[in-house]
Structure formats: C-alpha cells, structure tokens
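K.L.:
Pasting the sequence and the predicted model now:
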Amino acid sequence: MGAPTGASFKASRFQSGLLLQGPELKFGLCIKTFPLFFCKIRAHYINIVFNTQEICDDDFYVLMLTKALIYLMFRPFLLKTERWILKKNRTAFFCRNCGYESPKWLGKCPACNEWNAFIEEEATTIGADSGYGTLQMNENPLSIDTIEANEKERVKTDILEMDRVLGGGIVEGSAVLVGGDPGIGKSTLLLQMLQKLAEKGRNVLYVSGEESARQIKLRGMRIGAESKNLLVLVETSLENILQHLKTLKPDVAVIDSIQTVFSTSMGSAPGSVGQVRETAGRLIHFAKKTGVSIFLVGHVTKEGSIAGPKVLEHMVDTVLYFEGDSGHAYRIIRGMKNRFGPSNEIGVFEMRDSGLVEVLNPSTFFLSERPEAASGSVVVPSMEGTRPILVEIQSLVSPSPLGTPRRTSIGVDSNRVSLLVAVLDRVCGLHLSSNDIFLNVAGGIRVDEPAADLGIVAAMASSFLERPIDPGTVIFGEVGLTGEVRGISQMIVRIREAARMGFNRCLLPRTLSQEITELSGIELCRVGSLGELLENLF
C-alpha cells in the first residue's frame with residue numbers, strides 16, 4: 001500500500017491523538033523526545049476513507065500501547081514534579097489588614113471590607129510546625145480542677161501603672177503586643193520595665209532590630225537602665241533569636257520590633273503580611289511552650305492600627321496601645337485586649353528627660369489647669385476600665401458666618417455630638433442649628449462612653465447661654481432621643497471619685513437608689529430629663 005496523502009496523514013495524526021486526552025495528550029506531545037521513540041519501530045499509517053478505517057499493520061497498536069505504559073509509569077513522578085514547581089513559584093494576594101488570602105487582586109477585602117489592602121506576596125503552606133498552628137502541649141485531656149495555676153505567679157514590674165494595665169503583673173508564658181506612634185515612648189517604657197525586673201534578679205533580654213547596641217546603651221544611660229542582668233541582642237533573623245532564647249532562657253524578652261524580624265524559610269520581605277504572621281506565631285508558640293513572657297513591639301498604620309495582619313491581635317494574649325500627643329507631656333497606655341485581666345484599663349505616664357514617670361492620680365493631672373468660672377466647661381467622671389477618672393469637657397458655641405455651620409469635636413464621637421445637638425434643639429428649644437459648635441476633652445484624652453452625654457449637653461448649653469457652671473459640680477448620665485436621662489453603670493464608683501477630688505455636688509440619673517441621698521459628703525441631684533438638668537444648672 002502506498003504512502004498516505006497529506007490529508008490522510010493529518011487525519012491519522014489527529015485520530016491517533018484522540019487516544020490520549022487531557023494530561024495524556026500533553027504527555028503524548030512531549031514524550032516524542034523520549035529516547036525510546038528514537039528506536040526503529042515501524043508502524044504503518046491509518047488510511048481514512050469516509051467512515052471506515054483500514055489497519056495496515058498491527059505494529060500501530062504496539063506503539064500506542066507503549067506510549068500508554070510509559071505514561072502510567074511516569075505519571076506519579078510528573079504530577080509530583082508539577083505540584084512542586086507550582087508550589088515553589090506560586091504567589092497570592094494578601095490583605096494587609098486581616099491577612100485574607102486571595103489568588104487574584106481584589107479591590108475590597110471580603111473578610112474585613114477594607115479597600116485597596118491587597119498586596120502580592122509569595123504564598124506558603126502552613127505546616128504542622130508552624131507557630132500559629134494549634135498548640136500541642138499535652139497528649140491527653142486534663143481535668144480543669146487538676147491544673148495548677150496560682151495568681152501569685154504574676155511577675156510584678158514595680159511600675160504600678162504598667163501592672164494595672166496588665167491586670168496585676170506579667171503572666172508566665174504570655175505574649176503581649178505593644179503598639180503606638182513612632183517616638184511616643186514604647187521602647188523607653190519597655191526598657192525601663194526590663195531594668196526594674198533586672199534589679200529584682202530576673203534575667204531579661206532586649207532584642208532590637210532597629211537600633212545598634214551603642215544606641216541602646218546611650219538610651220539606657222539616660223533612663224538609668226544599666227543592670228548586668230539586662231542583656232541586649234541586635235538581631236533580625238527569627239531562627240537566631242529563637243536559638244538565643246533557648247540558650248539564655250530569660251524570664252522576659254522584648255522584640256523591638258516584630259516588623260523587622262524575618263524567617264529564612266519564607267521568601268517574602270521583612271514586614272510583609274506573611275513574615276509578620278509567621279514570625280509572631282513562632283515566637284508566641286515558643287512563649288507558650290517554655291514559659292518565657294514575650295513583648296512584641298508593633299508599628300502602627302496611618303489609621304492608628306497595628307501594621308500587619310489583624311489576626312496578629314487575636315493570636316497574642318494582651319494588646320496594649322500607646323496614646324498621646326507630642327504637644328502634651330502625658331502618655332496613656334491602654335489595654336485593648338487582656339486575657340488575664342480587665343480590658344480598656346489605662347495607665348498614665350508623664351514624659352520627662354529621665355524617661356516615663358507614672359502618674360498615680362490622673363484626675364488631678366487632667367484638672368490641674370481648669371479655668372475658674374468659665375462658661376462651656378464641665379467635669380465628667382469617666383470610667384477607664386475599672387478606674388474612674390475626672391475629665392474636663394469644653395464647648396464653644398458661636399454664631400456661624402457660613403451657610404453650613406461647623407461641627408468639630410476632639411476626644412468625643414462626632415456622631416454622638418450631632419445627635420445631642422438635635423435633641424437640645426428639639427426638646428429644650430435651644431436653637432443651635434445656625435451656630436458653630438466646637439467640643440474638646442481637655443488633656444487630649446478620649447471619652448467614648450455614653451455616660452458623658454449629660455456633660456456634653458451641659459457644656460454646650462452653658463456656652464450657648466454664656467452662663468458658667470458651678471466649678472464644684474460634676475455631671476454624668478446617658479441622654480435618649482426624647483430628652484430623657486438614662487442610667488449608667490458604676491455610678492457609686494464615679495461619685496466617690498468626685499467626692500475624693502473635693503467636688504460637693506453631682507447631677508446624675510434618677511435610676512440611682514432613692515435611699516442614697518448623700519455619699520461621702522457630696523450632694524446628689526437626680527434628674528430625669530434635659531429640662532430638669534437646665535433647671536438645676538442655671
């Protein structure tokens with residue numbers, strides 16, 4: 001039989017290719033380079049005449065069977081190689097806010113609803129030894145009544161404000177995340193804390209990835225941190241840091257900062273979402289396993305949140321935020337999360353040349369410069385965690401030269417202020433809609449609780465009517481949309497703090513028990529509406 005024509009040759013090639021489809025077809029095209037097919041295997045072609053096929057030689061079946069057998073032999077190896085290549089070179093997009101992983105870029109994160117937060121990084125597989133995996137400390141379940149735990153095991157830092165925020169001291173094996181703006185005093189306070197612990201005979205380690213040992217020494221000389229038990233390590237490699245922690249076995253270690261630490265097992269740059277999550281997870285795992293308490297210093301974004309994946313805040317035991325303004329001498333450290341104590345607790349410090357000095361009486365500190373007999377000024381007892389603090393709320397109401405009056409508030413929620421302005425306008429007949437309104441919490445502290453509603457209303461009414469409030473009066477309570485005054489929590493604690501500070505009169509909601517007419521020498525005036533408030537004030 002003669003050689004096939006061009007058309008029949010193409011048809012035969014097409015028809016034979018149909019025997020191997022999908023990956024087999026890809027393999028069939030590549031397998032022609034395999035040396036086995038360079039041997040002299042004679043096979044005749046397939047002649048296609050209409051719908052009939054004439055097989056000229058049985059060698060064709062031998063060829064196709066050989067291809068199939070070779071493919072089956074090498075298929076596991078090829079698939080494993082392909083997976084390895086894809087895994088090695090695979091990249092993904094991660095949300096900088098929460099760490100959500102996506103195979104492609106997304107404008108909005110489906111997990112945290114953040115816009116323009118996805119960045120491309122090398123994707124890695126979470127292994128069994130990953131730090132942020134499940135901790136396996138014991139093989140068998142334990143009855144909770146057989147587990148030994150003593151509250152006295154907390155390590156006191158001898159910095160009372162720091163111990164208050166931590167819930168009474170440092171818990172063994174805890175992981176604490178400390179965030180704050182650059183230059184606000186995070187490193188200074190932690191170095192002072194390590195010095196206090198070193199003076200008590202504790203072995204402590206300060207790991208820095210941003211400063212040299214000489215720079216740390218100069219800062220330590222300024223704040224008096226020169227104990228021989230305070231060890232300093234300048235290192236950014238996670239593996240080296242863990243090795244030093246295993247060798248030195250310190251009681252407390254500070255990592256400054258977590259964004260500078262990187263793991264050599266990951267190809268992404270230090271500070272990336274994957275690196276921060278991996279390094280922090282392995283350090284936390286080490287702390288839980290060995291009992292070393294670790295403080296992680298974190299950078300903050302322009303929005304004020306800690307840079308890196310949001311899951312980082314869920315992994316640690318305690319999250320502390322440094323608050324403050326460069327224009328003020330004070331610094332506030334606030335406990336946003338605490339598994340071993342009350343959250344939202346604050347510690348107040350004053351920045352001096354010798355470092356941070358704790359303020360044991362914050363109420364006196366925030367009211368020290370309050371003007372006498374000034375309209376628009378009122379004192380409100382605010383709760384910060386379990387501690388009552390007296391703060392001054394100032395208001396300025398003036399006619400607006402603009403078509404749209406301005407509403408500016410610092411330290412209080414602007415939406416809450418707009419709500420209270422509308423209630424004053426509707427219920428009390430104070431027409432504030434055409435006036436500019438400015439509100440400020442003196443000292444730069446922030447008040448978010450509804451207990452400040454009554455004080456905000458009193459400050460705006462005082463400024464609008466140009467009538468000062470008695471300087472010996474404190475006011476607190478929540479205001480509803482109909483002008484009613486609602487009760488709040490921990491009223492007795494607030495009243496006692498006001499009495500301790502020398503105030504002689506308190507305006508508060510009616511929900512306080514009627515049997516309590518006077519507490520610690522302070523007069524109690526109960527009000528049920530904004531109308532009653534104005535009658536008692538002016």
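P.N.:
The structure has been received and is ready for your questions. Note that the structure is predicted; figures quoted are calculated from it, not measured.
K.L.:
which residues of the stretch 101-250 of the chain score low on pLDDT?
P.N.:
Flagging of the stretch 101-250 of the chain using pLDDT under 70 yields the residue ranges 122-139, 150-152.
K.L.:
And the chain, by the same measure?
P.N.:
Across the chain (using pLDDT under 70), the flagged ranges come out as 1-63, 67, 71, 78, 81-90, 122-139, 150-152, 301-310, 326-327, 513-520.
K.L.:
Could you name the helices and strands sitting against the one helix or strand residue 497 maps to?
P.N.:
Using DSSP states H and E, residue 497 sits in helix 491-500. On a contact count with 3 or more Cβ pairs under 8 Å, 6 or more residues apart in numbering; DSSP states H and E, helix 491-500 meets strand 377-384, strand 387-399, strand 505-509, strand 518-519, strand 522-527. Every residue, glycine included, has its C-beta placed from N, CA and C.
K.L.:
run the last query once more with 10 Å
P.N.:
Counting contacts by 3 or more Cβ pairs under 10 Å, 6 or more residues apart in numbering; DSSP states H and E, helix 491-500 is packed against helix 362-367, strand 377-384, strand 387-399, strand 473-475, strand 505-509, strand 518-519, strand 522-527.
K.L.:
Going by neighbour count, list what's buried in it.
P.N.:
By 16 or more other Cβ atoms under 10 Å, the buried positions in helix 491-500 come out as 491, 494-495, 497-499.
K.L.:
Of the residues you listed, just say which sits nearest to residue 185.
P.N.:
Distance to residue 185, by Cβ to Cβ, is smallest for residue 497 among the buried residues of helix 491-500, at 26.7 Å.
K.L.:
Pull the contacting residues for that closest one.
P.N.:
363, 381-383, 387-390, 474, 490, 503, 520 (Cβ atoms under 10 Å, 6 or more residues apart in numbering).
K.L.:
now for those residues, which pair is the farthest apart?
P.N.:
Maximum pairwise distance among the contacts of residue 497 (Cβ to Cβ): 18.6 Å, between 382 and 520.
K.L.:
Quick one: residues contacting residue 109.
P.N.:
Per Cβ under 10 Å, 6+ apart, neighbours of residue 109: 93-100, 102, 115-118.
K.L.:
now do residue 271
P.N.:
Taking Cβ under 10 Å, 6+ apart, one finds 257-262, 279, 299, 307-308 in contact with residue 271.
K.L.:
most neighbours, which of those residues?
P.N.:
Using other Cβ atoms under 10 Å as the neighbour test, the contacts of residue 271 are led by residue 279, with 29 neighbours.
K.L.:
Secondary structure of that residue: a strand, I assume?
P.N.:
No. Counting by DSSP: H, G, I helix; E, B strand; the rest coil, residue 279 is not part of a strand but helix.
K.L.:
centroid residue for the protein?
P.N.:
residue 313 (4.3 Å; Cα atoms, centre = their mean).
K.L.:
Beta-bridge partners for the closest residue to residue 109 other than its chain neighbours, please?
P.N.:
Among residues not flanking residue 109 along the chain, residue 95 sits closest, at 4.3 Å (Cβ to Cβ, 6 or more residues apart in numbering). Using DSSP bridges, the bridge partners assigned to residue 95 are residue 118.
K.L.:
since we're on residue 95, how many residues are nearby?
P.N.:
Neighbour number of residue 95 under other Cβ under 10 Å is 22.
K.L.:
what do you get for residue 215?
P.N.:
Neighbour tally, residue 215, other Cβ under 10 Å: 12.
K.L.:
which residues are contacting whichever strand or helix holds it?
P.N.:
Here residue 215 is covered by helix 213-223, with elements defined by DSSP H and E. Residues outside helix 213-223 that contact it (Cβ under 10 Å, 6+ apart) are 187-189, 191-192, 194-195, 206, 208, 210-212, 225-227, 230, 232-234, 256, 352-356.
K.L.:
Can you pick out the ones from these that are in strands?
P.N.:
206, 208, 230, 232-234, 256, 352, 355-356 (DSSP state E).
K.L.:
hey, where'd the helices end up in the stretch 301-450 of the chain?
P.N.:
311-315, 362-367, 414-423 (DSSP state H, counting those that start in this stretch).
K.L.:
Which of those sits closest to residue 400?
P.N.:
Closest approach to residue 400 among the helices of the stretch 301-450 of the chain (Cβ to Cβ): helix 414-423, 12.7 Å.
K.L.:
Now do that closest one against strand 387-399, angle only.
P.N.:
60 degrees (axes from the mean of the first three to the mean of the last three Cα atoms, to 10 degrees).
K.L.:
Residue 168 belongs to a strand, doesn't it?
P.N.:
No. Judged by three-state DSSP, residue 168 forms no part of a strand; its state is coil.
K.L.:
That one: neighbour count?
P.N.:
Neighbour tally, residue 168, other Cβ under 10 Å: 16.
K.L.:
ok, it touching residue 174?
P.N.:
No. If you go by Cβ atoms under 10 Å, residue 168 and residue 174 don't touch, sitting 12.0 Å apart.
K.L.:
shared neighbours, the two?
P.N.:
154-155, 340.
K.L.:
can the residues you listed go into a markdown table with extra columns for neighbour count?
P.N.:
A markdown table is the format used below for those (neighbours: other Cβ atoms under 10 Å):
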| residue | neighbour count |
| --- | --- |
| 154 | 19 |
| 155 | 19 |
| 340 | 16 |
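K.L.:
possible to save those as CSV with distance to residue 242?
P.N.:
What follows is the shared contacts of residue 168 and residue 174, written out as CSV (distance: Cβ to Cβ, whole Å):
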residue, distance to residue 242
154, 25
155, 22
340, 24
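K.L.:
Residue 176 should be in a strand, yeah?
P.N.:
Yes. Counting by three-state DSSP, residue 176 is located in a strand.
K.L.:
Now do residue 157 against residue 192, distance only.
P.N.:
9 Å (Cβ to Cβ, to the nearest Å).
K.L.:
Neighbour count: the two, which is higher?
P.N.:
residue 192 (25 against 22).
K.L.:
In this structure the more buried one contacts residue 206, no?
P.N.:
No. Applying Cβ under 10 Å, one finds residue 192 not in contact with residue 206, separated by 11.2 Å.
K.L.:
if we can go back for a sec, buried residues, the helix holding residue 215. List them.
P.N.:
Quick answer for helix 213-223 (16+ other Cβ under 10 Å): 216, 220, 223.
K.L.:
So which of those residues is the closest to residue 287?
P.N.:
Among the buried residues of helix 213-223, and counting by Cβ to Cβ, the member closest to residue 287 is residue 216, at 22.3 Å.
K.L.:
What's the separation between that closest one and residue 403?
P.N.:
On the measure of Cβ to Cβ, residue 216 and residue 403 end up 56 Å apart.
K.L.:
Residue 328 contacts residue 359, doesn't it?
P.N.:
No. The criterion here is Cβ under 10 Å, and residue 328 misses it with residue 359 at 12.0 Å.
K.L.:
What is the burial count for the closest residue to residue 456 other than its chain neighbours?
P.N.:
Of all residues not flanking residue 456 in the chain, residue 420 sits nearest, at 5.6 Å (Cβ to Cβ, 6+ apart). For residue 420, the count of nearby residues is 23 (other Cβ under 10 Å).
K.L.:
do the same with residue 461
P.N.:
Count around residue 461 with other Cβ under 10 Å applied: 25.
K.L.:
And the one 3 residues further on, by the same measure?
P.N.:
Residues near residue 464, counting by other Cβ under 10 Å, number 20.
K.L.:
How about the secondary structure of it?
P.N.:
Assignment for residue 464 (three-state DSSP): helix.
K.L.:
ok, now which ones touch it?
P.N.:
375-376, 395-398, 424, 430-432, 435, 437.
K.L.:
Okay then, goodbye and thanks.
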